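Asker: quick one: sequence and predicted model below, then my questions.
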Amino acid sequence: MKPSHEILPWQETSQTQHALWRSENGTPPPKKLILADDTLTADQAYRLAAEGCALLWQGDFQNARQLLQALARRCDRQPKKKRQPVAPDTEMAQVFHLHRQAQSQRARILAMVLIPLNADYSIPLKRAPNVVEACNETYGAASAANSIVSLRELQSLIGAHEWRKKGVPVAALSEHIHPHYGVFSPVRGEYIELVASTPLPVTDLAFDIGCGTGVLAAVLAQRGVRRVVGTDLDPRALRCAKENMQRLGLSDQVSIVQADLFPEGRAGLIVCNPPWVPARPSSSLEQAIFDPDSRMLRGFLSGLAGHLDTKGEGWLVLSDLAEHLGLRSREVLLNWITEGGLKVLERIDIKPTHAKIADQSDALHSARIAEITSLWRLATNRQEK
């Protein structure tokens, strides 16, 4: 998803004003916009936002935050209905798609509260925080133009900046990984644990396909793999992974390169943790969760045999959540493995422990409680028996 840098016009004191529209998700600028301040009620704001009218905030910044929270509560209000029995898999896909539609509508409404930024990324509002460093990290060096951004995106920038500073603790590394904005944070540790505990088939060279923050490449390097090549297409992920390797003192051991899946050559171990759910992402961060038409998964399985050494192993780290959602069957996955000239040596399973499992109000709760994350040890059919 390419960021949107269009020009947003609006009327103010009978004059047309202009500013640069910023949206890292590529959302186009709103077609309708009014000025709003502390006199606007939450009910009025909700009605306007639901009708597609954006609110360019002129009041106290902290009141804008409170307004956004009030809008979120209104979005989340649902008619109280008797809980229905768990739908079979054939119906769960529809539940998932309706859930995604509701999430999308909620995101559209919450994105309608807009905040102005000066050319240096300072916010010209009362009680506004200093977001200059966070904006510089995401948007790059300040330009000569004022700009406008949704408050929701700005909050994401601030949160990402804090995570980038303090990092995410990774038990398998006994260190912290520092995610950048738009790069998926390794907060679910079960897939890292699988890579950290499965016996290594080789220690000379490994590939980490779609490396993101570089966490799995770092785990392999710390486990003794002498050379690791991590690949990704996203420039932010590449910068993030390189920075993490420098922080961990692994830059000489781990190379981060831009590639669509595989780098050149063959390796004795190739690891891939693709997005787990075959659906369209609605933001840059969701690209690490949703994989339209299972593109990355199918690309990895179809190309793996051509990049594995004869006696090498491919490690596919994958949740079966898509199966419980009725979006992809186990049979389809096994067929893709076979069609790729591969065979399964072993499947190692682990049960996720993330917080959403305990949330019974989640529309996808029945799928989440059944979820298993697996490391599939794959080999080529040409491998000697």
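Answerer: Now that the structure is in, tell me what you want to look at.

Asker: lowest-scoring secondary structure element of the chain by mean pLDDT?
Answerer: Within the chain, no helix or strand scores below helix 365-370, which has a mean of 82 by mean pLDDT, DSSP states H and E.

Asker: tell me the strands beside the strand of greatest length in the chain, with direction?
Answerer: Counting residues, the longest strand in the chain under DSSP state E turns out to be strand 308-319. Neighbouring strands of strand 308-319 in its sheet, by DSSP bridges, are strand 267-272 (parallel), strand 373-380 (antiparallel).

Asker: nearest to residue 92, of these?
Answerer: Between residue 92 and the strands paired with strand 308-319, the tightest spacing by CB to CB is seen for strand 373-380, at 18.7 Å. Every residue, glycine included, has its C-beta placed from N, CA and C.

Asker: what lies in contact with that closest one?
Answerer: Where contact means CB atoms under 8 Å, 6 or more residues apart in numbering, the residues beyond strand 373-380 that reach it are 190-191, 194-195, 198, 304-305, 308, 310-320, 337, 341-352.

Asker: now, of these, which are buried?
Answerer: Among these, those classed as buried by 16 or more other CB atoms under 10 Å are 190-191, 194-195, 198, 304-305, 308, 312-320, 337, 341-342, 350, 352.

Asker: give me the buried positions along the top helix by length along the chain.
Answerer: Using DSSP state H to assign secondary structure, the helix with the most residues in the chain is helix 89-110. Within helix 89-110, the residues that qualify as buried are 92-93, 95-96, 100, 107-110, counting by 16+ other CB under 10 Å.

Asker: equivalent analysis for stretch 219-238, please.
Answerer: Going by neighbour count (16+ other CB under 10 Å), the buried part of stretch 219-238 is 219-223, 225, 227-232, 234, 236-238.

Asker: just give me how far it sits from the chain centre.
Answerer: Distance of stretch 219-238 from the chain centroid (CA atoms, centre = their mean, to the nearest Å) equals 18 Å.

Asker: what does stretch 337-357 give?
Answerer: 20 Å.

Asker: so residue 212 sits in a helix?
Answerer: No - note on residue 212: no helix contains this position according to DSSP: H, G, I helix; E, B strand; the rest coil, which reports coil.

Asker: what residues are up against it?
Answerer: Counting by CB under 8 Å, 6+ apart, residue 212 makes contact with 183-184, 186, 232, 237, 240-241, 273, 288.

Asker: now it: how far from residue 326?
Answerer: Applying CB to CB, to the nearest Å, one obtains 27 Å for the distance of residue 212 from residue 326.

Asker: ok, residue 278 next?
Answerer: According to CB to CB, residue 278 stands 11 Å off from residue 326.

Asker: next one: residue 316
Answerer: For residue 316, the distance to residue 326 under the criterion CB to CB works out to 21 Å.

Asker: and what of residue 12?
Answerer: Computed with CB to CB, the distance linking residue 12 and residue 326 is 50 Å.

Asker: so the two - more neighbours on which side?
Answerer: Between residue 12 and residue 326, counting by other CB atoms under 10 Å, residue 326 is the more crowded of the two (19 against 11).

Asker: the more buried one reaches residue 277, doesn't it?
Answerer: No - with contacts defined as CB atoms under 8 Å, residue 326 does not count as touching residue 277, sitting 11.4 Å away.

Asker: count the neighbours of residue 14 for me.
Answerer: Neighbourhood size, residue 14 [other CB under 10 Å]: 5.

Asker: let me know the pLDDT of it.
Answerer: The pLDDT attached to residue 14 in the predicted structure is 79.

Asker: do residue 383 as well
Answerer: Per-residue pLDDT puts residue 383 at 60.

Asker: cool, and residue 356?
Answerer: 69.

Asker: please state the offset of stretch 40-56 from the chain centre?
Answerer: 28 Å.

Asker: next, the buried residues of it.
Answerer: By neighbour count, with 16+ other CB under 10 Å as the criterion, the buried positions of stretch 40-56 are 40, 45-46, 48-49, 53-56.

Asker: restrict the helix or strand hosting residue 302 to CA atoms and write it as PDB.
Answerer: Take DSSP states H and E as the rule and residue 302 turns out to sit in helix 295-303. Extracted as PDB, the C-alpha positions of helix 295-303 are listed here (Å, rounded to 0.1, in the frame of the first residue of the first chain):
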ATOM      1  CA  ARG A 295       0.100 -15.400  -2.500                       C
ATOM      2  CA  MET A 296       3.200 -15.500  -0.200                       C
ATOM      3  CA  LEU A 297       2.400 -19.000   1.200                       C
ATOM      4  CA  ARG A 298       1.900 -20.500  -2.300                       C
ATOM      5  CA  GLY A 299       5.000 -18.600  -3.600                       C
ATOM      6  CA  PHE A 300       7.100 -20.100  -0.800                       C
ATOM      7  CA  LEU A 301       5.900 -23.600  -1.300                       C
ATOM      8  CA  SER A 302       6.200 -23.500  -5.100                       C
ATOM      9  CA  GLY A 303       9.800 -22.100  -5.000                       C
END
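
Asker: show me what that helix is in contact with.
Answerer: Surrounding helix 295-303, the residues in contact under the criterion CB under 8 Å, 6+ apart are 209-210, 260-262, 272, 274-275, 278, 291, 314, 316, 318, 336-337, 339-340, 342.

Asker: mind listing the helices for the chain?
Answerer: Under the criterion DSSP H, the chain contains helices at 42-50, 61-76, 89-110, 132-139, 151-166, 190-197, 215-222, 235-247, 295-303, 321-324, 330-339, 365-370.

Asker: widest-spaced pair of the buried residues of stretch 40-56?
Answerer: 46 and 56 (16.5 Å).

Asker: beta partners for residue 147?
Answerer: Using DSSP bridges, the bridge partners assigned to residue 147 are residue 20, residue 117.
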